[in-house]
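**Q** Could you work out the structure for the sequence below:
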Amino acid sequence: MKKLSGIISIFVFQSILGAEEHRAWELAGAQARIEVHRMGDLHLNLRLPNGDTVPHGTRYTIKQREHAFQFGGSLSADWQAPKQDWYSNFKSQFAQLFNYATINFYWAVHEKQYGQWNYLEASREQLQWAQAEGMTLRGHPLMWHEVLPAWMTDSKRDVAAIAIDIQNHVRRLLEGYPQIDEWDVYNEAIGIKWRDEKEGVRRWFESIGGPGEVSEYLIGEARAVSPDARLILNHYTDLDVEYEEQIEHCLKAGAKFEVIGIQTHMHTEMDSINEARLWGALEKYARFGKPLHLSEISILSCERFKDWKRYQAWIDKVERADAKGIPRPLMPSTPKLEEYQAELARDFYTLAFSHPAVEAIIWWTITDLEPWRGMPAGLLDAEGRPKPVYKVLDQLINQEWCTQLEGMVDAGGRIQGRGFYGSYTLNLELNGRSYNVNFELKQGSRKPLTLELMTQ
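**A** Model (predicted):
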């Protein structure tokens, strides 16, 4: 009877949680689209330092150094990683995959007392490190109602005072962090409807209007401070018609933003993305004529909840633990589901990379150390070791989608070939001397490049 009870318990648990093996996506036409949209022709004319043409038959190697495409990761979610003795490995592993980093600017985290902005040292270190690595930096965010100091949610505070604080905060970020390349304007603006109607920030929001009007307003505030800022609209689901309306409002109002961000956190079966849904979302949002960012990707290596009610109960349990300062409950990452995570990531990235409107793909949680919502979705495990999904992305980004060429120079010092867009180094040896030169293969460039080699 005890054994039967255990079997029944397992059955009930699996009925609450989604367990499945990944069904490989068809990816029809994906490889052809990648070759069309992510690669270009190399036409190089080589000259020695004295102006002479490189002799026919000289052997060369060409290696891609960086991608033009933005393969990104977030440094906004792994709060415990900087405290670990493997943190240096964490950064090396991050840089091995990514040329783009999301940096946290959560208001309540960095301003504990009114008027005393104190950007955390760990966040500053990550920002400076990512900048030194030459990564594109995304500030996350200028505004978000979920992580605000108490004076911004105060139900009794005057809306006019809240508005002044928001204006000052936008100016503080744009003026104080000019190294940030692009900013999320108002993260998940539509989600304000889930906040208490009496909260100060919601009253301010509704005094401006809806998500479209608030986005228009904040874009205007940002442009007043930094006319050339690159600004992003970002939302937590592709299914929200209100997000389309928010985008349409900004376009009709002439509010200048550069990017549309779409999050894909797959914590429940309802939120999980299949091939048809991903392609449909990309096509739907591409119609607005803006580059698309898959801005926050979470693919779990643990079970997913089927039932939203039980999932919400789990989140409440995690949040209670966080509020008490005790270890949060964790769903177990399993070898089988780590393989599922890796296989789904391979298909997801391949389809997204093949779509011409997509400019960036950004993984959210990098490790399984105290993961967001207690559900592991990391590329590394809780000890910082690469999971199968990390190895899959490494293979795609650094091998399959990374160009390395070798051969012999044609007559007239010419090299012709084909490669992924990005930056390259060419090396060759001639008469016992080594030469190299760096160059860029840019999308839309059809003219041959004349390169003057330098001695090493």
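**Q** where in the stretch 1-150 of the chain is pLDDT low?
**A** For the stretch 1-150 of the chain, the stretches flagged by pLDDT under 70 are 1-20.
**Q** Please, where are all the helices along it?
**A** Secondary structure of the stretch 1-150 of the chain (DSSP state H, counting those that start in this stretch): helices located at 2-16, 30-37, 87-97, 107-110, 121-132, 150-153.
**Q** secondary structure class for the most centrally placed residue in the chain?
**A** With distances taken as CA atoms, centre = their mean, Ile362 lies nearest the centre of the chain, 2.0 Å away. In three-state terms, and counting by DSSP: H, G, I helix; E, B strand; the rest coil, Ile362 is strand.
**Q** which residues does the closest residue to it other than its chain neighbours bridge with?
**A** Once flanking residues are discounted, Ile362 sits nearest to Gly72: 3.7 Å by CB to CB, 6 or more residues apart in numbering. C-betas here are computed from N, CA, C, even on glycine. As for beta bridges, Gly72 partners with Tyr100, Ile362 under DSSP bridges.
**Q** Does Gly72 touch Ile103 like I think?
**A** No. At 11.0 Å, Gly72 does not count as touching Ile103 under the criterion of CB atoms under 8 Å.
**Q** Burial check on the nearest residue to Glu199 once chain neighbours are set aside, number of neighbours?
**A** Distances taken as CB to CB, 6+ apart place Thr153 nearest to Glu199, at 4.6 Å, with adjacent residues excluded. Counted with other CB atoms under 10 Å, residues neighbouring Thr153 total 19.
**Q** In contact with Thr153, which residues are there?
**A** Arg195, Glu199, Gly200, Val201 (CB atoms under 8 Å, 6 or more residues apart in numbering).
**Q** a markdown table for the residues you listed, including neighbour count and secondary structure?
**A** Below are the contacts of Thr153 laid out as a markdown table (neighbours: other CB atoms under 10 Å; DSSP: H, G, I helix; E, B strand; the rest coil):
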| residue | neighbour count | secondary structure |
| --- | --- | --- |
| Arg195 | 17 | coil |
| Glu199 | 19 | coil |
| Gly200 | 24 | helix |
| Val201 | 23 | helix |
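**Q** what about the residue nearest to Glu199, distance to Leu239?
**A** 28 Å (CB to CB, to the nearest Å).
**Q** Also Gln84?
**A** Counting by CB to CB - Gln84 and Leu239 are separated by 37 Å.
**Q** between the two, which one's more packed in?
**A** Taking neighbours as other CB under 10 Å, Gln84 and Leu239 compare with Gln84 leading, 16 against 13.
**Q** For the stretch 101-250 of the chain, just list every one of the strands.
**A** 136-140, 182-187, 230-235 (DSSP state E, counting those that start in this stretch).
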